[in-house]
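A.B. asks: coords below, sequence missing:
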């Protein structure tokens with residue numbers, strides 16, 4: 001629902017225009033001075049400003065200039081009497097969308113408004129597309145040749161075109177937001193907003209206002225109406241990260257939005273409808289949270305219509321070299337030294353393979369970025385690596401990376417996978433030799449490789 005700010009020093013005039021435009025389905029805000037309008041623009045999201053030309057204090061021209069400094073694309077329609085047409089022309093030269101002569105009939109006003117709002121809608125869509133290109137969020141930029149990641153890619157391809165809610169789970173640093181963006185930008189909503197919210201980053205009250213928006217005067221500091229993330233994501237995708245951190249109160253409100261696609265702003269009574277796709281992510285095991293009463297079971301099933309699990313980096317070691325090279329290329333332009341970093345020494349690369357990666361892909365990126373700064377030559381060496389990586393070399397039995405709540409069978413399964421991967425690497429992926437190292441038959445090893453979906457083609 002588009003919002004229009006009406007600015008006029010005549011107190012009754014904005015109220016009349018507001019009634020006309022609200023009948024057309026727009027939300028309106030009113031201000032009686034240019035300074036009040038600027039304050040409201042600072043606190044609220046507006047799709048069009050309709051302002052009088054002649055006002056005491058800050059006139060329409062000055063207000064226009066201030067608006068264009070905030071956002072040069074927000075359309076501004078000037079309302080002017082016949083005696084100030086020259087000023088209106090000056091305003092258009094300074095970026096006004098159009099002007100309308102007083103007195104005007106309501107139909108003419110509505111036509112001007114609809115054209116301006118439609119134009120701004122296209123501008124916002126073009127911005128979104130430009131951001132997509134610049135940030136390179138696309139399916140092709142997810143990195144991974146392992147069977148585990150290939151399975152993720154296949155799932156993304158299947159679920160991206162539909163509109164159902166998605167729940168992504170996985171450890172911290174596995175790339176849940178990147179996957180959510182890939183789902184969005186490869187679906188039918190890709191030309192509309194992708195809005196992300198970290199549910200653990202704000203207090204309950206602030207998060208409620210951030211999600212649902214608020215009305216003027218809803219709480220101390222709410223000087224004007226403000227749209228929340230649900231409204232900003234209309235027709236697009238809302239990504240709720242760390243969904244397991246939501247309070248019970250917000251879980252109830254989110255459940256209603258999922259069921260009815262309506263909500264009220266904080267301090268408001270008017271229902272707001274939205275058309276959004278929700279993608280949620282968590283590093284918690286929500287079924288366990290349900291058992292402890294920390295998470296609502298009905299909300300879980302509303303979120304878990306489509307499910308996607310991201311494997312930790314220690315279970316997709318075949319991707320480490322690809323990811324490392326990707327990050328080397330990513331940070332190459334930020335390198336101060338003239339000589340470019342082209343790769344890594346074999347010894348430095350082996351450190352990456354021997355580490356358990358409790359921080360997953362995010363930790364790998366941080367380590368490569370650090371090494372790029374410290375590396376004096378063309379190849380990253382062991383000397384450029386952090387001490388904790390060097391100390392972990394060859395220590396295959398540390399318990400880092402094994403979930404604290406893992407059962408004995410789950411723990412043994414993780415250890416078995418690590419032993420098989422180590423044997424495959426030591427034998428240069430010759431399965432007969434790897435089986436001999438493990439003390440099992442080749443057919444038994446082959447069955448375990450298939451069971452765990454391990455890659456047999458990578459070599460160090």
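C.D. replies: Sure, I can see it. Everything numeric here is computed off the predicted structure, so don't read it as measured data.

A.B. asks: now do the helices in the stretch 1-150 of the chain.
C.D. replies: 12-23, 34-43, 60-70, 85-93, 106-135, 147-159 (DSSP state H, counting those that start in this stretch).

A.B. asks: neighbours of residue 285, how many?
C.D. replies: 14 (other Cβ atoms under 10 Å). For the C-beta atoms, the positions are set from N, CA and C on the backbone; glycine is no exception.

A.B. asks: how near is it to residue 170?
C.D. replies: 11 Å (Cβ to Cβ, to the nearest Å).

A.B. asks: can you tell me which residues contact the closest residue to residue 147 other than its chain neighbours?
C.D. replies: Leaving aside its chain neighbours, residue 147 sits nearest to residue 453 (4.1 Å; criterion: Cβ to Cβ, 6 or more residues apart in numbering). Counting by Cβ atoms under 8 Å, 6 or more residues apart in numbering, residue 453 makes contact with 147, 148, 151.

A.B. asks: how about residues contacting stretch 267-276?
C.D. replies: Residues contacting stretch 267-276 (Cβ under 8 Å, 6+ apart): 1, 213-219, 222, 230-231, 233-238, 257, 261-265.

A.B. asks: and it, what's buried?
C.D. replies: Residues of stretch 267-276 classed as buried by neighbour count (16 or more other Cβ atoms under 10 Å): 267, 268, 272, 274, 276.

A.B. asks: just the closest of those to residue 164, please.
C.D. replies: residue 276 (12.2 Å; Cβ to Cβ).

A.B. asks: ok, back up a step: of the contacts of stretch 267-276, select the buried ones using a PyMOL command.
C.D. replies: Paste this into PyMOL to select the buried members of the contacts of stretch 267-276, with burial taken from 16+ other Cβ under 10 Å:
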select buried, resi 213+214+215+216+218+222+230+231+233+234+236+237+238+257+263+265
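
A.B. asks: filter the contacts of stretch 267-276 down to the ones in strands?
C.D. replies: 237, 238, 262, 263, 264 (DSSP state E).

A.B. asks: and residue 50, what does it touch?
C.D. replies: So residue 50 contacts 4, 5, 6, 7, 17, 76, 77, 79, 113 (Cβ under 8 Å, 6+ apart).

A.B. asks: by mean pLDDT, flag the weakest helix or strand of this protein.
C.D. replies: helix 106-135 (a mean of 76; mean pLDDT, DSSP states H and E).

A.B. asks: any stretches of the stretch 251-400 of the chain with poor pLDDT?
C.D. replies: 335-338, 393-400 (pLDDT under 70).

A.B. asks: and the helices in the stretch 301-450 of the chain?
C.D. replies: Using DSSP H, counting those that start in this stretch, helices in the stretch 301-450 of the chain cover 320-331, 346-354, 360-374, 387-391, 408-426, 431-438, 442-452.

A.B. asks: for residue 92, find the nearest of those helices.
C.D. replies: Using Cβ to Cβ, the nearest of the helices of the stretch 301-450 of the chain to residue 92 is helix 320-331, at 43.9 Å.

A.B. asks: give me the residues contacting the closest one.
C.D. replies: Under Cβ under 8 Å, 6+ apart, the answer for helix 320-331 is 143-145, 313, 341-344, 349, 352-353, 361, 364-365, 368-369, 372, 380, 458.

A.B. asks: and stretch 34-47, by the same measure?
C.D. replies: By Cβ under 8 Å, 6+ apart, stretch 34-47 touches 2-5, 7, 29, 31, 49, 51, 55, 57-60, 62-63, 66-67, 70, 74-75, 117, 120-121, 223-227, 231-232.

A.B. asks: now the helices of the stretch 301-450 of the chain in CSV, please, with extra columns for mean neighbour count and distance to residue 208.
C.D. replies: Compiled in CSV, the helices of the stretch 301-450 of the chain are given as follows (neighbours: other Cβ atoms under 10 Å; distance: least, Cβ to Cβ, whole Å):
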stretch, mean neighbour count, distance to residue 208
helix 320-331, 18, 36
helix 346-354, 17, 42
helix 360-374, 18, 28
helix 387-391, 11, 40
helix 408-426, 16, 37
helix 431-438, 17, 55
helix 442-452, 14, 43
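
A.B. asks: residue 452 against residue 424, yeah?
C.D. replies: No: in this structure residue 452 lies outside contact range of residue 424 using Cβ atoms under 8 Å: 11.3 Å.
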